[in-house]
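[1] Give me a 3D structure for the following:
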Amino acid sequence: MTEHLRVEQRGEAGEARLDPAGPEAGPYVRIFSGVKPTGHLTLGNYLGAVRRWAEVDQYRADALFCVVDLHALTVEHDPARVRRLSRQAATLLLAAGLDPGRCTVFVQSHVDEHARLSYLMECVAADGEMRRMIQYKEKSTREAARGGSVRLSLLTYPALMAADILAYGTHEVPVGDDQAQHVELTRDLARRFNQRYGAVFTVPRAVVPAVAARVMDLQDPAAKMGKSHAETSGIVYLLDEPDVVRKKVMRAVTDSGSEVTYDRVEQPGVANLLDLLAACTGGEPAELAGGYASYGALKRDVADAVVELLRPVRERHAALCAEPERVDAVLREGAARAGAMARPRVDAAYAAVGLLPPA
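    The predicted structure is shown next:
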């Protein structure tokens, strides 16, 4: 790849940045996004985010993609499992098509600036706005009903998420609807810091990609296909064997009746299958519905399409697992690159709040 350097015209003026798209590209954009290693990556993660990162975002922007392993510590966890899932997630990001020559792939805990900046964000944030975060409210209420409590880090982790984003002068954060509130908090913290201490941070914006697929649980079409769910029969994982994928799809919940129509309200199960087929084949769900006279035929085609979609990802993952030193090198180089990007800005934030520089 030919690399071009130009000066960004917004944000921190005068800072030379890597523009992977070249001098003929549009306005400079830096994006940051990440995956949390709290479970195996799913078909929903791939269709809703990772595929777009690989096919679109790494080509149109200076992009950083991170395994946010520190966020996995906000709940009870098995240390060995966090390590295993962190490596698996990084390997799957590469297997899905992220190119270290075009984007930066790294692990959050390998770059100290995330934790350094997180504390400053805690010092700027207010207790009330942290407690208004929907995920904290839901999880703390649920635990209280059981007579338990949550970790303090669950309350404060939006400050770490803000640090993840702000450390890199990020312009865009590709997120799902469930994370948009956290990006809005990040925007508030960036503005507040800049007003109090001087212009250090770029104010990012959340971007919910219009083309991102909406993938629901095959056994519960009202719930998103999430990697941390206890019940897994409705979740297709990226590393599921083809026979397992077929079994899960063929057992997917449909609806009463037998007519195949695309109606998310009246036929959410069938609509979910049509959404999946459309996401895998590039068709339109409502148009695809007209080609089926039975649920069984639809399920068979969805199963075939999902298996074929995941086949190259699984094959590349297996090849990378056979050469772990390749993944180690990517993560090592990615962390070095990310640290070099973040350090000057975090150092500037430390100076802005009045901390003495190291002797």
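[2] Just want to check the distance between Leu73 and Val150.
    Between Leu73 and Val150 the distance is 12 Å, computed by CB to CB, to the nearest Å. Yep, even glycine has a C-beta here, placed from its N, CA and C like the rest.
[3] And Asp112, by the same measure?
    Noted for Asp112: a distance of 26 Å to Val150, by CB to CB.
[4] Give me the pLDDT for the residue lying closest to Glu333 once chain neighbours are set aside.
    Excluding the flanking residues, the one nearest Glu333 by CB to CB, 6 or more residues apart in numbering is Pro100, at 6.8 Å. Note for Pro100: predicted pLDDT of 97.
[5] Tell me which residues touch Pro100, please.
    94, 330, 333-334 (CB atoms under 8 Å, 6 or more residues apart in numbering).
[6] can you give me the strands for the stretch 51-200 of the chain?
    For the stretch 51-200 of the chain, the strands defined by DSSP state E, counting those that start in this stretch cover 62-67, 103-107, 172-174.
[7] if we look at the last one, which residues are touching it?
    It refers to strand 172-174. With contacts defined as CB under 8 Å, 6+ apart, strand 172-174 is touched by 29-33, 49, 52-53, 57, 61, 165, 183, 186, 204-209.
[8] Of these, which belong to helices?
    Here DSSP state H is the test, and the contacts of strand 172-174 give 52, 165, 183, 186 as lying in helices.
[9] Highest neighbour count among those?
    Highest neighbour count within the ones in helices among the contacts of strand 172-174: Ile165, with 30 neighbours (other CB atoms under 10 Å).
[10] returning to that earlier point: Asp112 and Val150: which has the busier surroundings?
    Neighbour tally, Asp112 and Val150, criterion other CB under 10 Å: the higher count belongs to Val150, 17 against 13.
[11] list the contacts for the more buried one?
    Counted by CB under 8 Å, 6+ apart, Val150 has contacts 75, 136, 139-140, 143.
[12] Out of the residues you listed, which end up buried?
    Restricting these to buried positions leaves 136, 139-140, with burial counted as 16 or more other CB atoms under 10 Å.
[13] Going by distance to Ala125, which of these wins?
    The shortest approach to Ala125 among the buried ones among the contacts of Val150 belongs to Tyr136, at 12.3 Å (CB to CB).
[14] Quick check: the closest one vs Ala144, distance?
    Distance from Tyr136 to Ala144, by CB to CB: 12 Å.
[15] rewinding a little: out of the contacts of Pro100, which is most surrounded?
    With neighbours defined as other CB under 10 Å, the most crowded of the contacts of Pro100 is Gly334; it has 24 neighbours.
[16] State the helix or strand in which that residue lies.
    helix 324-352 (DSSP states H and E).
[17] Pull the distance from that helix to the chain's centre.
    Remark: helix 324-352 is offset 19 Å from the chain centroid, using CA atoms, centre = their mean, to the nearest Å.
[18] now that helix: mean pLDDT?
    On average, helix 324-352 scores 98.
[19] Tell me where the stretch 151-300 of the chain has helices.
    152-166, 180-197, 242-250, 268-281, 285-289, 295-321 (DSSP state H, counting those that start in this stretch).
[20] Pipe those helices into TSV and attach mean pLDDT per row.
    Compiled in TSV, these are given as follows (pLDDT from 0 to 100):
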stretch	mean pLDDT
helix 152-166	95
helix 180-197	95
helix 242-250	97
helix 268-281	93
helix 285-289	93
helix 295-321	97
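[21] Export those helices to TSV and append columns for distance to Thr261.
    Listed next are the helices of the stretch 151-300 of the chain as TSV, based on distance: least, CB to CB, whole Å:
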stretch	distance to Thr261
helix 152-166	40
helix 180-197	31
helix 242-250	19
helix 268-281	7
helix 285-289	5
helix 295-321	11
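[22] re the thing from before, can you pick out the most distant pair from the contacts of Pro100?
    Applying CB to CB across the contacts of Pro100, the maximum distance is between Leu94 and Glu333, 12.3 Å.
[23] what about Pro37, how many neighbours?
    Neighbours around Pro37, by other CB under 10 Å: 26.
[24] so what's it up against?
    67-69, 72, 82, 85-86, 88-89.
[25] Give the PyMOL command for selecting the buried subset of these.
    To isolate the buried members of the contacts of Pro37 in PyMOL, using 16+ other CB under 10 Å:
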select buried, resi 67+68+69+72+82+85+86+88+89
